[in-house]
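>>> Structure for the following, please:
(one chain, ligands or ions: 1)
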Amino acid sequence: MNYDKKKYKIWDWKSPVILHWIINPGLVINELILGQTIPKVMLIEREGSKPFYQRSFVPCPHCGTLHSGLKWSSQNKTAFKNWFGYYCENCKGIIPPQRNLTSLIIIILTFPIWGWFRKSIRQSWLDKQPARYMNLNLEIPEKKNTTKNWLKSGLFFGIFMYVTMTIIFPLIEQKEVTQKSLLIGLPLWLICGLGWGYTMKVWMNKKGKINKASNKVLQ
Ligand SMILES: [Zn+2]
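Below you'll find the model as predicted:
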């Protein structure tokens, strides 16, 4: 599809956020178990004083609708359970998800197990979707991006990655969990987590470029 490149910055697999989604193996838990997902393409409005989420859009490749980035969020209870992608309530289609590399491998390897039920699982998931999008709130709650919040989400992400990478993954691979790896992993993932939390905070608060002409109209 062609998007207005002047109006929107186009995010695809080459953008840091989506690329991170692809390569970080820990996100396999988010994707396959929690059903958290990211679309293949996102559009970010270049201009405007609104914060990031209100300038981000998810285009539906089937009907062309630009959905607000806030449609799939925890405030709407729609951030999870999107195993097949984002549901477009306009055309009842599914906006294809960008798969995480590790989950893609797992999906392919386990295909003989779930492949038989694919259609029925997908259909029952699809049947549940319309009800989830009845009462959406596309406004950002005021206090969202405080320091406490980014510290909390950074710490949470760090601890989540720590447990996944130093305990769960070695156990799956039947490797030993050593005291050394536990000790090294802790500061490493805490720093990564806090860095992630902070980057997200900066991103989310980032305002679009102000176009002087349109700004006057807005005021
Ligand atoms: Zn659509």
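>>> near the ion, which residues of this protein?
Contacts of the chain with the ion, taken as C-beta under 5 Å from the ion, map to 60, 62-63, 88, 90-91, 93. Placement of C-beta: from N, CA and C, glycine included.
>>> Return the members of the residues you listed classed as buried.
A residue is treated as buried here by neighbour count (16 or more other C-beta atoms under 10 Å); on that basis the buried members of these are 60, 88, 93.
>>> Can you lay out those residues as a markdown table showing distance to Thr37 and secondary structure?
Output for these, formatted as a markdown table (distance: C-beta to C-beta, whole Å; DSSP: H, G, I helix; E, B strand; the rest coil):
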| residue | distance to Thr37 | secondary structure |
| --- | --- | --- |
| Cys60 | 14 | coil |
| Cys88 | 14 | coil |
| Gly93 | 15 | coil |
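>>> okay if I get those residues as a markdown table plus pLDDT and distance to Trp114?
Written out in a markdown table, the entries for those read as follows (pLDDT from 0 to 100; distance: C-beta to C-beta, whole Å):
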| residue | pLDDT | distance to Trp114 |
| --- | --- | --- |
| Cys60 | 96 | 26 |
| Cys88 | 96 | 24 |
| Gly93 | 96 | 22 |
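>>> ok, back up a step: which of the residues of the chain next to the ion lies at the shortest distance from Lys207?
Cys60 (26.0 Å; C-beta to C-beta).
>>> What separation is there between the closest one and Ile94?
Taken as C-beta to C-beta, to the nearest Å, the spacing of Cys60 relative to Ile94 amounts to 9 Å.
>>> Please, which helix or strand holds Leu43?
Leu43 is part of strand 42-45, with elements assigned from DSSP states H and E.
>>> which residues are contacting that strand?
Contacts of strand 42-45 from elsewhere in the structure, counted by C-beta atoms under 8 Å, 6 or more residues apart in numbering, are 3, 7-11, 15, 18, 52, 55-59, 66, 69, 208.
>>> list the contacts for Tyr87?
When contacts are counted by C-beta under 8 Å, 6+ apart, Tyr87 touches 94-95, 126, 129-130, 132-133.
>>> In the residues you listed, find the pair that's most separated.
With distances taken as C-beta to C-beta, the most widely separated pair in the contacts of Tyr87 is Ile95 and Pro130, at 14.9 Å.
>>> Between the two, point out the one with more neighbours.
With neighbours defined as other C-beta atoms under 10 Å, Ile95 and Pro130 compare such that Ile95 has more, 24 against 11.
>>> hang on, isn't the more buried one packed against Tyr86?
Yes. Counting by C-beta atoms under 8 Å, a contact exists between Ile95 and Tyr86, whose distance comes to 4.1 Å.
>>> which neighbours do those two share?
When contacts are counted by C-beta under 8 Å, 6+ apart, the set common to Ile95 and Tyr86 consists of 39, 58, 67.
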